[in-house]
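**Q** task: produce atomic coordinates for the following.
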Amino acid sequence: MVIIRPRGGDFLYNDDELNVMLADIEACKANGADGVVLGCLTPDGQVDAASTAKLVKAAKQQELDITFHRAFDMSSNQSEALEVLIHLGVPRVLTSGGQPSALQGAEVLAALVKQAAGRISIMAGGGVTASNAAELQALGVSELHSSAKRKHHSIMQFRPPQLTISSEQAPCDYEWNVTDQQEVTKILAVLHCPGISAA
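**A** Okay, the predicted model is just below:
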């Protein structure tokens, strides 16, 4: 699943950015992606139904799976946003329940699952780890999203004290995130995925 995002920042896109996103969807299909992750909002924080509809149509024409990403969490009314996504034929929404982490948004996630009533998959994401995956699964969410990351520390010995290429704040030139295979294995084991055991 490839994220369709022409830049950082908010989720309010102009026509040029939308055209880039449409071209990126075609590129995803051409390069073997299974699906795309997308999301657009209006200035007042509603799902941009017109722009999202164009992206959804393009993805479906390419026979790509679709997830509406955590722009959903930045929307002004998640209950209304969910109905818009269902109407647009989006099969899945990634959300933390509008909170910094899925665990903090557990009450909202449970309410969204109930509202969805099988019409759209609710994927919980945001701080999902082996220690909370089972608790989140128990809310009734269909899927979980986890970065399963750990910090990698550079072994560079020479570090120019007067210069940084990225940022003085973490992650910096000498620290970055990588996927932690052991964390992935633990999450899968907690969720009782077939053929998986914790290392």
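**Q** got the buried residues for stretch 139-146?
**A** L139, V141, L144, H145, S146 (16 or more other CB atoms under 10 Å). Where you see a C-beta, it was placed from the backbone N, CA and C, and this is true even at glycine.
**Q** I'd like those residues written out as CSV, with secondary structure, pLDDT and distance to I187 added.
**A** Shown next, in CSV, are those (DSSP: H, G, I helix; E, B strand; the rest coil; pLDDT from 0 to 100; distance: CB to CB, whole Å):
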residue, secondary structure, pLDDT, distance to I187
L139, coil, 96, 16
V141, coil, 95, 14
L144, strand, 96, 8
H145, strand, 96, 11
S146, coil, 95, 6
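**Q** now for those residues, which pair is the farthest apart?
**A** The most widely separated members of these, counting by CB to CB, are L139 and S146 (15.1 Å).
**Q** who's in contact with the strand or helix carrying V178?
**A** Secondary structure assignment for V178, by DSSP states H and E: strand 175-179. With contact meaning CB atoms under 8 Å, 6 or more residues apart in numbering, strand 175-179 is reached by S147, A148, K149, R150, K151, H152, H153, S154, P171.
**Q** check S197 and give its pLDDT.
**A** Model confidence at S197, given as pLDDT, is 49.
**Q** and Q61, by the same measure?
**A** According to the per-residue confidence, Q61 scores 97 in pLDDT.
**Q** re earlier: out of the buried residues of stretch 139-146, which one sits closest to K60?
**A** Out of the buried residues of stretch 139-146, the one with the shortest distance to K60 is H145. That distance is 21.6 Å, counting by CB to CB.
**Q** so how far is E80 from the nearest residue to that closest one once chain neighbours are set aside?
**A** With CB to CB, 6 or more residues apart in numbering as the criterion, H145 has its nearest non-adjacent residue at 3.4 Å, and that residue is G125. According to CB to CB, to the nearest Å, G125 and E80 sit 20 Å apart.
**Q** of those two, which one has the most company?
**A** Each of G125 and E80 has its neighbours counted (other CB atoms under 10 Å); G125 has more, 24 against 12.
**Q** got the contact list for the more buried one?
**A** Taking CB under 8 Å, 6+ apart, we find G125 in contact with R70, L94, T95, S96, A102, L144, H145, S146.
**Q** next, give phi and psi for it.
**A** In this entry, G125 is assigned phi and psi values of phi -150, psi 150 (degrees, to the nearest 10).
**Q** distance of it relative to G97?
**A** Using CB to CB, which is the criterion applied here, G125 is 10 Å from G97.
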